[in-house]
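Colleague: sequence plus the predicted model coming up.
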Amino acid sequence: MQERERYSAEEREGRVGAPALIVAALAVLVLYVIAVVAIGTPPGAADTGEQVAAWFHEHRDGVRWSVWAATVSIPPFAVMFALLRRLLPAPHRDVFLIGAVTFVVTYAVQAWTWGGLALHAGRLEPSVARTVLDVAIFWGPVLTGATTTMIAPVTLLALRGRAGLPWWLGVLGAVAFTEQAVETVTIFGSTGFTEPGGPMNLQLGAGLTAAWMLAFALWGGLRGRVQNPVA
């Protein structure tokens, strides 16, 4: 009973820090690295159906490990986003949550699409492989809508010095948001750096977004303060 009363008092005062947030963020990071390493260099938007089918035949085990890592990462993603949401005031917290949920859902859809291509990789028809992969690689371009929805409210608060968010998180968020907004051009790309599912999506954009997300989570786990905890 005393422990519950102490915890309630901390909540009313806006408890600082959350070790669970750091653990969840590190778990997400480790699983993300596993997923990226397992899949290696994926086929590009300009590759032929034959090249795509051959790639899946050669890398099907790596793809399935990548899908496993993506699947296992969903619970820590949920914990991380739920705890981060509590660090924001309304309505910013709700905008952030909508972007976060969209992020997780589309991540899952992309993973099961890749998993389906790897399931019978030895019998994969080139035309089918190319068409289904075309659907999967648009995860990157369309995901920018979810990431900008997450980044924007946090960045605005940080740059305005609200909710206790540090200014440097606002600067990092502004950089990541700008890149993600520009990255929408990959919807119209076909080859090279700006092709859908290409380096702009999977290297530059993913790297900046991951850096922002990890920075927000680590700061939140160490210094974050619950906003309006009773609401």
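Modeller: Nice, thanks for sending it over.

Colleague: residue 145: how many residues sit nearby?
Modeller: Taking other CB atoms under 10 Å as the criterion, the count of residues near residue 145 is 15. Placement of C-beta: from N, CA and C, glycine included.

Colleague: return the set of buried residues in the strand or helix carrying it.
Modeller: Using DSSP states H and E, residue 145 falls within helix 139-159. Going by neighbour count (16 or more other CB atoms under 10 Å), the buried part of helix 139-159 is 139-144, 146-158.

Colleague: now for residue 156: which residues touch it?
Modeller: 92, 170 (CB atoms under 8 Å, 6 or more residues apart in numbering).

Colleague: how about low-confidence regions in the chain?
Modeller: 1-17, 228-231 (pLDDT under 70).

Colleague: those helices in it, which residues are they?
Modeller: Along the chain, counting by DSSP state H, helices occupy 2-13, 19-39, 49-85, 92-119, 126-137, 139-159, 167-182, 199, 206-223.

Colleague: okay, those, which one's buried deepest?
Modeller: Highest mean neighbour count of the helices of the chain: helix 139-159, a mean of 21 (counted as mean count of other CB atoms under 10 Å).

Colleague: identify the residue nearest residue 173 in space, chain neighbours excluded?
Modeller: What sits nearest to residue 173 in space, not counting adjacent residues and going by CB to CB, 6 or more residues apart in numbering, is residue 155, at 3.3 Å.

Colleague: that neighbour is in contact with residue 177, isn't it?
Modeller: Yes: if you go by CB atoms under 8 Å, residue 155 and residue 177 touch, sitting 5.8 Å apart.

Colleague: the helices of the chain: which one's closest to residue 188?
Modeller: The closest of those to residue 188 is helix 139-159. By CB to CB, the value is 8.7 Å.

Colleague: and that closest one with helix 206-223, angle?
Modeller: Angle, helix 139-159 to helix 206-223, by axes from the mean of the first three to the mean of the last three CA atoms, to 10 degrees: 40 degrees.

Colleague: run through who's touching stretch 63-83.
Modeller: 18, 20-21, 23-25, 27-28, 31-32, 34-36, 38-39, 56, 96-97, 100-101, 103-104, 107-108, 110-112, 114-115, 117-118, 217, 220-221.

Colleague: my error: substitute stretch 93-108 in the last question.
Modeller: Contacting residues not belonging to stretch 93-108 are listed as 70-71, 74, 77-78, 81, 84-86, 88, 139, 142-143, 145-154, 227 [CB under 8 Å, 6+ apart].

Colleague: stretch 198-218 now?
Modeller: Contacts to stretch 198-218, defined as CB under 8 Å, 6+ apart, come from residues 21-22, 24-25, 29, 32, 42, 44-45, 80, 84, 140-141, 143-144, 147, 150-151, 154, 169, 172-173, 175-176, 179-180, 183, 186, 189, 192-194.
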